[in-house]
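Colleague: Sequence first, then the predicted structure, then my questions.
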Amino acid sequence: MATIDELLERIEAAPRGPQVCALFDFDGTIISGYSATVFLREQIRSGQLSAREVLEVFTAMAQFGLGNLGFSALMAATGQLLRGLDEASYRAVGEDLYRKQIARLVYPEARRLIAAHRARGHTVAIISSATPYQVEPAAADLDIDEVMCTRLEVEDGHFTGAVERPTCFGQGKVDAAEHLAARIGADLDHGFFYSDSTDDIQLLERVGHPVALNPSSKLRALAHDRDWPSANFGSRGRPTMAQFLRSIAATVSLVPSFAAGLPIYALTGSRRDALNFSLSLFADAASALINLDLAVKGEEHLWARRPAVFVFNHQSKADVVIMARLLRQDIAGVGKQEIRRMPVIGKVLELGGVVMIDRKNAASAIEAMAPLVDAMRREGKSVVLAPEGTRTISPRLGPFKKGAFHLAMQAGVPIVPIVIHNAGDVAPKGDFVFRPATVDVEVLPPVDTADWQAETIDEHVREVRNLFLRTLGQPEEPAPSRPRRRRAPRKSAPEPSAATPGKAAPASAEASAVKKATAKRATAKKATAKKATVKKATVKKAAAGKAAPKKTAAKAAAAKSPTPKKARKAGTGRQAARPKLRSSDTP
């Protein structure tokens, strides 16, 4: 059996360029298990299928498995169940099922293989007998543009119950692959194809580099006879009993770790020392139970500037263990309110200084986070939180919220980005079981927030997020384009009328007055100066018995602006200038 590293070496040895095809089967190869099962289970759960229809589906699947029914006939039988349904709605169901159930079935090793082919400039494609509604959400997540699959007939936006021919199965896969190769100018003799089943034997024999991934027993034997590379991945699928029991132990280890700190509190009276001891104990115990290793770059940045706001990209529930292992002491965290309802563990986390916020209620979240500023300023504690707000279904970075950045400005502390590369290998979103893995972590240098302003917070968030994207090798977020404003024609400022002080004279009178004043200045400067003096006195006298004329915008602004002396009394230090958290800035 080949290792993932050996498979990656084969990719690295291949020529560069899009003329090399890297074709991946989907079910059993990219994901563990079968996506059709997820769709069928959802249709049964939602009541879309009657008992008779469910029996018909299982009968057809059994006949196909026994070789008594062809694939096209199987698809024709199952396609009838969708007749009349709205295609757009069914596509939305597929995307929802991918996010909630299928995404966590993607093998991390498959992601690495796809990324390695992409790095070589190869044309990566999914070629599957499944439908687009099962495959395309995964292709979008994996950044795969080429998708060849079995398509259902649609008219006027609704399924007809028929299947487009030929289906993407057996020889149909070979035809689809050759069509792709002809379109991009590739040669399948130099191409790769990854599959788990002998159903794909024709395409495996057609390409130059066949690979059996998570193979069935038949394909494993065939790959051995033909000296094809073969690999099994244990990172997904049904966990072992040992993994299940160790995952339970790692989860509940927080409680005895917290209890172990109580004697320190009783003997020293220091709640801080007790919590630091418990946090370190939990980090080491949980890591050992999970069999979690960390490969850390930039570890010195964890201690360079404390207190600080540590921000990390959130992929897995293992992130809690990872962050505890990295930071060790003097930290306060932020968690969702639902954690409080967890038996025992929720209370332990709350007593340990984790602030529980209601993400649906921005006002209460802001109020709950206010003590964190005091904890940083007065106690020297650091705060750790995920600006994405929730776990992502893949390593792709989600949008950032602003709460962490306002916290850092309020407390006058730096932000330290912690980039976690592959925590999903340990436990993807939706999985309970922890699996052994080595997680790569990069700690970036602290980002100073001393000169940040609330008015430019979006720019600062984008800059920090781009640090994450750059480190993860993902496309950076561009600066927003500013719309160009059309300049209005410049007009002369109106002169105040002598008859009604504070009001602008008509434009025609203004032009006449300007012209007349210019002529007088050219011929008789003394007369003009004298007239201006008399005019000023007249205006002042007229204003004495009336309301004071309105100030111009410039004078009003000057009147409102404090003098340098007043500004110094009001306080212009950094703390005074700190913006307050707003309801739109919850983490």
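Modeller: Sure thing, it's come through.
Colleague: Next, Thr59: phi, psi?
Modeller: phi -70, psi -40 (degrees, to the nearest 10).
Colleague: Tally up the residues packed near it, please.
Modeller: Look at Thr59: counted by other CB atoms under 10 Å, it has 12 neighbours. (Each C-beta comes from the backbone N, C-alpha and C, glycine too.)
Colleague: what's the answer for Ala36, then?
Modeller: For Ala36, the neighbour count with other CB under 10 Å is 16.
Colleague: what about it, distance to Leu397?
Modeller: Distance, Ala36 to Leu397, by CB to CB, to the nearest Å: 31 Å.
Colleague: Same question for Val252.
Modeller: Noted for Val252: a distance of 31 Å to Leu397, by CB to CB.
Colleague: higher neighbour count, those two?
Modeller: More neighbours surround Leu397 than the other of Val252 and Leu397, with 22 against 15 (other CB under 10 Å).
Colleague: What ranges does the stretch 201-350 of the chain have for its strands?
Modeller: Along the stretch 201-350 of the chain, the segments classed as strands by DSSP state E, counting those that start in this stretch run 209-213, 230-231, 292-297, 309-312, 331-336.
Colleague: Quick check: neighbours of the first one in the sheet, parallel or antiparallel?
Modeller: So the one you mean is strand 209-213. strand 192-195 (parallel), strand 230-231 (parallel) (DSSP bridges).
Colleague: Centre of the chain to the last one, how far?
Modeller: When you say that, I think you mean strand 230-231. Centroid separation between strand 230-231 and its chain, computed with CA atoms, centre = their mean, to the nearest Å, is 32 Å.
Colleague: which other residues reach it?
Modeller: The set of residues external to strand 230-231 that reach it, using CB atoms under 8 Å, 6 or more residues apart in numbering, is 1-4, 6-7, 109, 211-215, 219-220, 223-224.
Colleague: Highest neighbour count among these?
Modeller: The contacts of strand 230-231, ranked by neighbours (other CB under 10 Å): first place Ala212, 29 neighbours.
Colleague: quick one on the thing from earlier: restricted to helices, list the contacts of strand 230-231.
Modeller: Taking DSSP state H as the definition of helices, those contribute 4, 6-7, 109, 219-220, 223-224.
Colleague: What is the most widely separated pair among those?
Modeller: By the measure CB to CB, Glu109 and His224 form the most distant pair in the ones in helices among the contacts of strand 230-231, at 20.1 Å.
Colleague: right, so the strands of the stretch 201-350 of the chain: which one is the most enclosed?
Modeller: Counting by mean count of other CB atoms under 10 Å, strand 309-312 has the highest mean neighbour count of the strands of the stretch 201-350 of the chain, with a mean of 27.
Colleague: which SS class is Gln410?
Modeller: Here Gln410 is helix, with the state taken from DSSP: H, G, I helix; E, B strand; the rest coil.
Colleague: So which residues of the stretch 351-500 of the chain form helices?
Modeller: 362-378, 403-411, 457-472 (DSSP state H, counting those that start in this stretch).
Colleague: ok, the residue nearest the centre of the chain - contacts?
Modeller: For the chain, the residue nearest the mean C-alpha position is Gly398 (1.3 Å; CA atoms, centre = their mean). By CB under 8 Å, 6+ apart, the contact set of Gly398 is 388-390, 392.
Colleague: Next: Phe400.
Modeller: 387-388, 461, 464-465.
Colleague: at 7 Å instead, please
Modeller: Going by CB atoms under 7 Å, 6 or more residues apart in numbering, Phe400 touches 387-388, 461, 465.
Colleague: do the same with His314
Modeller: Shown in contact with His314 (CB under 7 Å, 6+ apart): 386, 388, 390-392.
Colleague: one step back: now the two most distant members of the contacts of strand 230-231.
Modeller: Maximum distance among those (CB to CB): 20.1 Å, for Glu109 and His224.
Colleague: Pretty sure Phe192 sits against Pro15.
Modeller: No. With contacts defined as CB atoms under 7 Å, Phe192 does not count as touching Pro15, sitting 11.7 Å away.
Colleague: So between those two, which is more surrounded?
Modeller: Phe192 (24 against 10).
Colleague: Please report how far that one lies from Arg435.
Modeller: Taken as CB to CB, the span from Phe192 to Arg435 is 26 Å.
Colleague: same check, this time on Ala119
Modeller: Here Ala119 is placed at a distance of 25 Å from Arg435 (CB to CB).
Colleague: Same question for Val38.
Modeller: On the measure of CB to CB, Val38 and Arg435 end up 21 Å apart.
Colleague: So those two - more neighbours on which side?
Modeller: Between Val38 and Arg435, Arg435 has the larger neighbour count (other CB under 10 Å), namely 22 against 19.
Colleague: check contacts around the more buried one.
Modeller: Counting by CB under 7 Å, 6+ apart, the residues that Arg435 touches are 235, 243, 426-427.
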